[in-house]
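Chemist: model this:
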Amino acid sequence: MEEITSFIQHLDSLIWGIPMMVLLFGTHVFLTVRTGIIQRKTFTGIRLSVTRDKDAPGDVSQFQALTTALASTIGTGNIVGVGTAIFMGGPGAVFWCWITGVFGIATKYGESLIAVKYRVRTPDGRMQGGAMYALERGLNLKWLGMLFAFFAAVTSLGTGCGTQINAIAEVIETNVTFVHIPRLAIGIVGGVLTAVVILGGIQSIAKVCEKLVPFMAFFYVAGCLVILWFNRDVLLAAVGTILRTAFVPEAVAGGLVGRGLIAAAQAGMARGLFSNESGLGSAPLVASAAQTRNPVRQALVSATGTFWDTVVVCLMTGLVLVSTVMKHEGIMASIENGGQMTTAAFGQIPVVGPVILTFGIITFAYSTILGWSYYGERCAQYLLGPKAVIAYKVVFVAVVVAAPVVDLNLLWTIADILNACMAVPNLVAVLLLSGVIAAETRRYIHDLDAVDHTEIPLVRR
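Modeler: The predicted model follows:
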């Protein structure tokens, strides 16, 4: 078993090494150029996200589609993942995480555009789309679409479910010390809360997410701003440190060490890519269900998800961690990993810090569970038909119940590998259909109210 674990961990580090980062970040840069720097339309996307398009085809509003996608992307990676990046790459990793998000907006835009363009209608009247349909209908590569759907369905049980409820159990066990709450009880409560929401389908999930996501994000960002106010005397120094150590190694106050360009870029880009999911093909699965009159309109809305996730939330976390560690000397002395660093940094702020951390992890993780449940459900239906949906939901809830009492270290590593397996077919679709993305952008970007009259085909699965 030790040899198998060692092999899987080695495979994970190999897959998520420089080649995957070059592929993902290279796609980000390529699509930025191909779309004419679509990032300049970010605030247009934000405006559209709160504009209803009721008469357009789709199952949920554009805002509901965005918040459901954000539910899955704003997860524990935005808190613990940033700490891991700083621990491994130094403060400069925050800069590279942020840069990855800025360029990743273009990839999220492109993958969402083709998801809407090639979406289909199921016999029950629902919209369904994603990388599998873009591969099947746009490139005649159904076998690759099936591979994407398989990897996404399995990943949703690991990355999107098991590891998230386990994180909830961990933070409750660590921070709620006045009473002992069995991990199984946490799993049962989590399973019930999850089942109540996901059994209602996308409308139920979207209704919860459109209320939960803005509230939890606002609470977390507001909390971070409070901490930054406490740290205002070292805030400018922290910003300067992040910028300097993104390129050169440097010893930093508080026990932090800037490890230079290579280490900072590798750690920051890896966490940024994992956090915002640009290129994985997950968010387009729900973007294709949105009510939108043309593909570009929803693509702009979906692209704002990467802006909120990485450019805002991850940056806030990074500033909080670096400024807090710099202000409190010796905090790094007993730190052994990124998770401990995050806990220690937030713990330095009396009352407010631990509350923000606990609330943030619980709500971020639970929202991720809801978002990924829909992703897995759509992929299960693509592979096995409508009858597979209920069975998949039952399995998903069972994982929520069982995961808190299971050692998920190996499962997390396997989930990382499956994420990469998701990304490759999706990036094939995005890159080979980049001409379509560019053409659709030119067609609609100057008239976002134009209606796409292309008929949405009916499928039997």
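
Chemist: so where's the stretch 1-150 of the chain shaky on pLDDT?
Modeler: The stretch 1-150 of the chain contains residues with pLDDT under 70 at 1.

Chemist: how about the strands in it?
Modeler: 120-121, 127-128 (DSSP state E, counting those that start in this stretch).

Chemist: Run me through the strand neighbours of the last one, direction for each.
Modeler: I take that to be strand 127-128. Each strand paired with strand 127-128, and its direction, by DSSP bridges: strand 120-121 (antiparallel).

Chemist: quick revisit: tell me the most buried of the strands of the stretch 1-150 of the chain?
Modeler: Comparing those by mean neighbour count (mean count of other CB atoms under 10 Å), strand 127-128 comes out on top with a mean of 22. Yep, even glycine has a C-beta here, placed from its N, CA and C like the rest.

Chemist: gap between that strand and the chain center?
Modeler: Strand 127-128 sits 21 Å away from the centroid of its parent chain (CA atoms, centre = their mean, to the nearest Å).

Chemist: repeat for stretch 227-245
Modeler: Relative to the centre of its chain, stretch 227-245 is centred 26 Å away, using CA atoms, centre = their mean.

Chemist: Show me the contact partners of that stretch.
Modeler: Outside of stretch 227-245, the residues within contact range by CB atoms under 8 Å, 6 or more residues apart in numbering are 90-92, 94-95, 250, 252-253, 256, 258-260, 264, 316, 318-320, 322-324, 326-327, 346, 349, 352-353, 356.

Chemist: And that stretch, what's buried?
Modeler: Of the residues in stretch 227-245, 227-228, 230-231, 234-235, 237-239, 241-242, 244-245 count as buried by neighbour count, 16 or more other CB atoms under 10 Å.

Chemist: any idea of the mean pLDDT for it?
Modeler: Predicted confidence along stretch 227-245 averages 91 (mean pLDDT).

Chemist: for the stretch 201-350 of the chain, what spans make up the helices?
Modeler: If you assign secondary structure with DSSP state H, counting those that start in this stretch, the helices in the stretch 201-350 of the chain sit at 201-230, 232-245, 261-276, 284-287, 295-306, 315-327, 338-347.

Chemist: Can you say which of those helices is nearest to A71?
Modeler: Nearest to A71, of all the helices of the stretch 201-350 of the chain, is helix 201-230, at 4.4 Å by CB to CB.

Chemist: G160 and S72 touch, don't they?
Modeler: Yes. Applying CB atoms under 8 Å as the test, G160 and S72 come out as touching, 6.4 Å apart.

Chemist: the more surrounded of these two?
Modeler: Set G160 next to S72 and count neighbours by other CB atoms under 10 Å: S72 wins out with 30 against 26.

Chemist: Spatially, what comes nearest to Y220 if we skip its sequence neighbours?
Modeler: G360 (4.6 Å; CB to CB, 6 or more residues apart in numbering).

Chemist: Report whether the one you found is found in a helix, as I expect.
Modeler: Yes. Judged by DSSP: H, G, I helix; E, B strand; the rest coil, G360 forms part of a helix.

Chemist: can you list the weak-confidence ranges in the stretch 151-300 of the chain?
Modeler: Applying pLDDT under 70 to the stretch 151-300 of the chain flags residues 253-255.

Chemist: Number of residues surrounding A69?
Modeler: A69 has 31 neighbours, counted by other CB under 10 Å.

Chemist: Next, work out how far apart it and A270 are.
Modeler: 21 Å (CB to CB, to the nearest Å).

Chemist: what about the closest residue to T159 other than its chain neighbours, neighbour count?
Modeler: The spatial neighbour of T159 that comes closest, neighbours along the chain excluded (CB to CB, 6+ apart), is A415 at 4.0 Å. Per other CB under 10 Å, the neighbour tally for A415 reads 21.

Chemist: that older thread, quick check: the residue nearest to Y220 touching C224?
Modeler: No. Contact criterion CB under 8 Å: G360 and C224 do not qualify, at 9.0 Å.

Chemist: From the neighbour counts alone, determine which of those two ranks first.
Modeler: It is G360, of G360 and C224, that has more neighbours when counted by other CB under 10 Å, with 27 against 22.

Chemist: Would you mind giving me the confidence score for the more buried one?
Modeler: Note for G360: predicted pLDDT of 87.
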